[in-house]
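Chemist: pasted the sequence and its predicted model underneath.
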Amino acid sequence: MGKYYLYNGKQVGFVRKAIDEVVLVEEGWVSEVQNHFGKRTHDKLLEIPAKILKDGGFPEVSRAQAWIILHEILKKGVPEALRDSDVDEEVGKGSLLKDLAKSTARVGATVVDTTAAATGAVVGAATSVVTSTTDAAEDVVEAAADVVEDVVIGDDGADGEGSE
């Protein structure tokens, strides 16, 4: 049997489901997650605020400080951006793990796209330099050929007599 919660986190009865938008949470889900942390460690969860603060230039925090930070954030209820009344009231409609996998894939794709674009820009620039260098070399060769022709062959032609 599940429990119903308002988006602000307050637990409500079944009747409120008909009146308000609620979030259904199976009791077994809460037990499973509590058992997971009890058997292992809370460190993965506590790592989130600790890393955010460290990246923000704040001093290191203790495990209890990280816990209270999470508590303060979570007790305010479900942020508007996370609400989806079409799926929150039913079991089996959620897609959090799929969404996270897509998000990770999007980040990876962005990195690949950015790298490919940068590589393309470098290759394009290199091609441009090679093309410019080749054009310049061709101009030098043509100019040198003209000079050689003028000096060696002369204006009178190869036989020493004017051209016909």
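Modeler: Received, thanks.
Chemist: dump the residue contacts of I48.
Modeler: I48 is in contact with 66, 70, counting by C-beta atoms under 8 Å, 6 or more residues apart in numbering. Using the backbone N, CA and C atoms, a C-beta is placed for each residue, glycine as well.
Chemist: can you check I73 too?
Modeler: Counting by C-beta under 8 Å, 6+ apart, I73 makes contact with P49.
Chemist: tell me which helix or strand L24 sits in.
Modeler: Following DSSP states H and E, one finds L24 within strand 22-26.
Chemist: that strand: what's the following helix or strand?
Modeler: Scanning forward in sequence from strand 22-26 by DSSP H and E, the next helix or strand is helix 27-39.
Chemist: test my guess that L46 contacts H71.
Modeler: No: using C-beta atoms under 8 Å, L46 is not in contact with H71; the gap is 11.3 Å.
Chemist: neighbour-wise, which of the two wins?
Modeler: Each of L46 and H71 has its neighbours counted (other C-beta atoms under 10 Å); L46 has more, 20 against 9.
Chemist: for the residue nearest to the more buried one when sequence neighbours are not counted, helix, strand, or coil?
Modeler: Take L46 and drop its neighbours on the chain: the residue closest to it by C-beta to C-beta, 6 or more residues apart in numbering is A66, 4.1 Å away. On the three-state scheme (DSSP: H, G, I helix; E, B strand; the rest coil), A66 is labelled helix.
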